[in-house]
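*Asks:* attaching a predicted model along with its sequence, questions to come.
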Amino acid sequence: MTHTKCTDPVVLEQWHPLISDRELADLGEFRTTLLERPLTIKHGARGIATVTADGPGASPKVLQQYGYVWASFGQDPNSLFPFPEFEEPDRRFVPTGVFGVNVSAGRAVENFLDMGHFPYVHTGILGEEPHTEVKEYDVEVSETRDEVVATRCRFYQPKAALASDEGADVEYTYRVPHPNCALLYKSSPADPSRRDVIYLFLQPMGEEWVRAHTGMCILDEDNTDESIRYFQQVIFGQDKPILENQHPKRLPLDPRAETPIRADKTAIAYRRWLSQKGLTYGVISVAA
Amino acid sequence: MTIDLSQWHPIASSSDLPLRHVYQAQLHGREFAVWRADDQYVNVWENRCLHRGVRLSVGLNDGKELKCLYHGWRYSNRSAGCTYIPAHPADAPARTICNRTYPGVEEKGLVWSAVDPAGDFELPEVLKGCDPLVLRPIPLNAAPGLALSRLADLKLEGGTSRQIASTGSYSHLAFDGLDLPELVLFVQPVDAHRCVLRGVLKAVPADPAGTLRQFNTALNRLRTLIEAAAAEAPAPEPIAVDFRPIDEELASMPEISRSGPKAELRVTVARKWETSEGVAAFRLEPLSGALPTFQPGAHIDVHLPNGMARQYSITNGPGEGGHYTIAVKREPDSRGGSECLHNAVQTGDVLAISAPRNNFPLRRDAVKVTLVAGGIGITPMLAMARALDAQGIAFELHYFAQSKAHLSFPELLNELGDSVVTHLGLNPAETSAKLNEILADYGFARHLYICGPGPMLEATRDVAAKQGWPDEAVHFEYFKNTQEIDDSSTFEVALARSAMTLQVPAGKTILEVLQENGIEAPSSCEQGACGTCLATVIEGEPDHQDVYLTPTEKAAGDKIITCVSRSKSNRLVLDI
Amino acid sequence: MKLYDYELSGNCYKIRLMLSILRVGYETQTIDFYPGAEHKSDWFLEINPLGQLPVIEDEGRVLRDAQAILTYLAVKHDNSSQWYPASEPARLGEVAQWLAFADGITGTASAARLHDGLFYDLDVEAARKGAHRLFRILDEHLWFAEQQGQDWICSGDHPTIADIACFPYVALSEEGGISRQDYPAIRRWMDRVKRIRGFVGMSGVFPASPAADGSAQTAA
């Protein structure tokens, strides 16, 4: 593991998630690490959070949005991506936990965008042999919003969510609006005209060690928060040993580092998008 | 210290490689996944799936192939080539998707390898002629050089150890005062700060079990000494490893574009035998090196002494990489290919063949697969049945033949057990009735594969259609195109990507015109049966004359087999 | 029978694995271990004052501690007396010895996993070092067992609850940053455990390929 502190301006100018507002309210105070710098977060009056960095140097800027405390060491961090579903009053917001994973943020994002592993890693839950085909879907980098969007993604699932029992193709949309954050939309069993959202926000503690904040913003009146959390934790626990056995741990951006197939169109677009941003932290850049 | 990457080192004991296991090794910082196939071949591969970098040491060894845990990609024994990508079950993977391999030689109870060997493995002189006992390997956290410098400190109680010789990779020790064989103690350089002590006794002692314990205790003590010495200085950083980039053509996955039937491989006929009445089987082995990866359904072009090129399906099972076995039926009225192979080609002859090409890929995303073979059509079906059997996917192989004496490869059929059903001596009406029975129960995620003579193939396709099998579930391969080809039309072909417009006159095929004008265009059978010369139609109405495309594909009009099919419109725009 | 369960807990997995192998039906009550810390809640502390999982309730009895529950289940449900060889003093002694060893694995490898995965505040370097020390001992033990044609931790040709007790946190060790590359005999033994008839995985533990004789699962 490398111990160089982050000097990547692209990453420094981002907002990074640290802890959910709810968890901070419970704990009062919390110690964590962001970009190799230890931090203390405190829950203040009226829920206002303060963040102080250990040692010399300025403490980060703080933002509270989408149920999380975010921090940035940048001069003028970009505003956070849009997440309109979070504001919809009839949705339930369920943070499903934070997990430490010994891998780079990019590898974790890519795994979140990947359907082909469902039958092998989430066997019997999100996929099942022999139904392994990743059908054609569309990917674009949205010019207006600067995010990678994959649409018309379909995959056979024996058990698409807690509320469903039978196997069927499920349709997804993926958004990557931030180098370390991704959102997944899937049709809601409660209201087929609307979609549930599952999010993955990664807090890079170092180049090869992240905190993965997971959660949902859903239309569901049948299941308890506990059972929803449990389901997501089971899924995440299955991904973990795969992520931690990726070699190298940093995400290689050179198109010739690994072998893409059509099913990986979203990952290819994501890697290219990171390359174009000039991001260097937690990735292996294309050799000049 | 510079590292000599050409040096061979022991990386495992033979006993580290039981069947159906994947051993994790490391040499000079490079991680290896090491696995023994059921045919005893020892595979030493870079420990990284080429797709997304997941360690193959967490993958599954099924005896024939290694399956990656992440996306189920399958890699073949010996060649390390990818044979199946489940996310795209209808496609045959490019055979160039191949894991990086390292040499692996098993000798004297150890597996030897090198990162970048200068030549073939040669057993260290000190081990030649001995009947060894391999000790338990001892991994330790210390630089290999430090460990090497301390090997002579190995102490056995009741004796004195004496170093006979030492080299850059081992120490040769004797134990005075003890009735024990000499020891050769190797240091496997794992990483900058890690190594493994691998001891070999030059003879099997009187009490092997006790001696193994005795040396294990001594080596544990030596480890403690060396690790204590290593802890006095800060541990160096692990060796930085560069990964070799994949082939450029894989990074973007373009079409494979090469003209004509290829003859890039030389093989020798290792064995020729009559596998059934009128059918000769040929076992083809490489003159040197390994053969490229094949997938079930693949064929090779065989270039015959009489100048002809013919296509034959590979019958091999998964992981059977040391040879290709094909079978040829004697056809009195053939164009000369079968005659030549039956009469002129003998054991020991050298033939030129192409690398395997797969236009008849086997989907594995099926709950059950039905294989229907007629006569010599058994050859690709056999490869498919053996792959399905190995993977545990439910299948039935229905084999229609004249008589028992006409069943090819009876020994392989036996291995497949009850999944093989033979139908002998049926007339067309009886065949049709039987097919109705076989194809009665179409269901979701079922697939049908057919290979056989034209009339039988047509009959099977008709029955399947009547029984409700959708086009996309029915896959077939014709031996040849028996349709009358009408090549009287003239038209224009525009090549969208090459920015060229060419005239196709009567009597010439699109393929011929392309090749005459220097366009790289792959082909194989050149009679509209194999599918190799398939092109995408952007504009215009194809005049289909092949037997490769399905009716649905033909109706869609966006694909064309360029070796026989033509154009109904005056102009055809192709994506070439 | 009811199991108070949490999917990601290796100690709970020991019980699920044993019950699956012994083909015993049961119901579960999921405890919100994380983030709810329900195992430290008042109601759960009444069931287990130690505030730990797993706990079972069977025929009105409450039993805590994974190794104790394994013992109870094996004696109650294994008529062949192989999983817990109660009438063979030598083997029973070995079983007890390795059950204690399994507690040591929990104290080290599991602790490192809780640090890396759930941010428990503990000395992770000490935990990893302790786990490597135990793994060296286990690997050496299993290597010599193999030399004598023995597949399992305790002597005899049948696995025991000691194998079940040691397996989960060995199999999950990489989540605590503990590689098993230096323990080839442990890696082979893991394949054998995964081929025991009735084996089930958990989140983070995948099945093995079929054995060479074609059977998906062997032994027991």
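*Replies:* In hand now; what should we look at?

*Asks:* CA atoms for contacts and neighbours, from now on please.
*Replies:* Noted.

*Asks:* for chain A, see how far away the nearest residue in space to B:Trp8 that is not next to it in sequence is.
*Replies:* Closest residue to B:Trp8 apart from its sequence neighbours, by Cα to Cα, 6 or more residues apart in numbering or on different chains: B:Ala114 at 4.5 Å. Remark: distance between B:Ala114 and chain A (Cα to the nearest Cα, to the nearest Å) = 20 Å.

*Asks:* what does chain A put close to chain C?
*Replies:* Neighbours of chain C within chain A, by Cα under 8 Å from any Cα of the partner chain: A:97-102, A:226, A:230, A:233-241, A:244.

*Asks:* got a quick ChimeraX command for the buried subset of these?
*Replies:* Selection of the buried residues among the residues of chain A next to chain C in ChimeraX, burial being defined by 16 or more other Cα atoms under 10 Å in any protein chain shown:
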select /A:97,98,99,100,101,102,226,230,233,234,235,236,237,238,239,240,241,244
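
*Asks:* report the contact partners of the most centrally placed residue in chain C.
*Replies:* Most central in chain C under Cα atoms, centre = their mean is C:Ala165, positioned 3.1 Å from the mean C-alpha point. Residues near C:Ala165 by Cα atoms under 8 Å, 6 or more residues apart in numbering or on different chains: C:14, C:66-67, C:70, C:99, C:102.

*Asks:* how far away is it from chain B?
*Replies:* For C:Ala165 relative to chain B (Cα to the nearest Cα), the value is 22 Å.

*Asks:* which strand or helix spans that residue?
*Replies:* helix C:161-171 (DSSP states H and E).

*Asks:* and the longest helix along chain B, what other elements does it pack with?
*Replies:* Longest helix of chain B, by residue count under DSSP state H: helix B:208-230. Counting contacts by 3 or more Cα pairs under 8 Å, 6 or more residues apart in numbering or on different chains; DSSP states H and E, helix B:208-230 is packed against strand B:138-140, helix B:144-150.

*Asks:* that older thread, the residue nearest to B:Trp8 and chain C, how far apart?
*Replies:* 19 Å.

*Asks:* now for that residue: which residues touch it?
*Replies:* B:Ala114 touches B:5-9, B:27, B:102-103, counting by Cα under 8 Å, 6+ apart.

*Asks:* most neighbours among these, which one?
*Replies:* Of all the contacts of B:Ala114, B:Trp8 has the most neighbours under the rule other Cα atoms under 10 Å in any protein chain shown, reaching 26 neighbours.

*Asks:* picking up where we left off before, out of the contacts of C:Ala165, which is nearest to chain A?
*Replies:* Closest approach to chain A among the contacts of C:Ala165 (Cα to the nearest Cα): C:Lys14, at 16.5 Å.

*Asks:* can you tell me the element the closest one falls in?
*Replies:* helix C:10-21.

*Asks:* can that helix be said to contact chain A?
*Replies:* No: using Cα under 8 Å from any Cα, helix C:10-21 stays clear of chain A, coming no nearer than 11.8 Å.

*Asks:* nearest to chain C: which residue in chain B?
*Replies:* For chain B, Cα to the nearest Cα, closest residue to chain C: B:Leu60, 5.3 Å.
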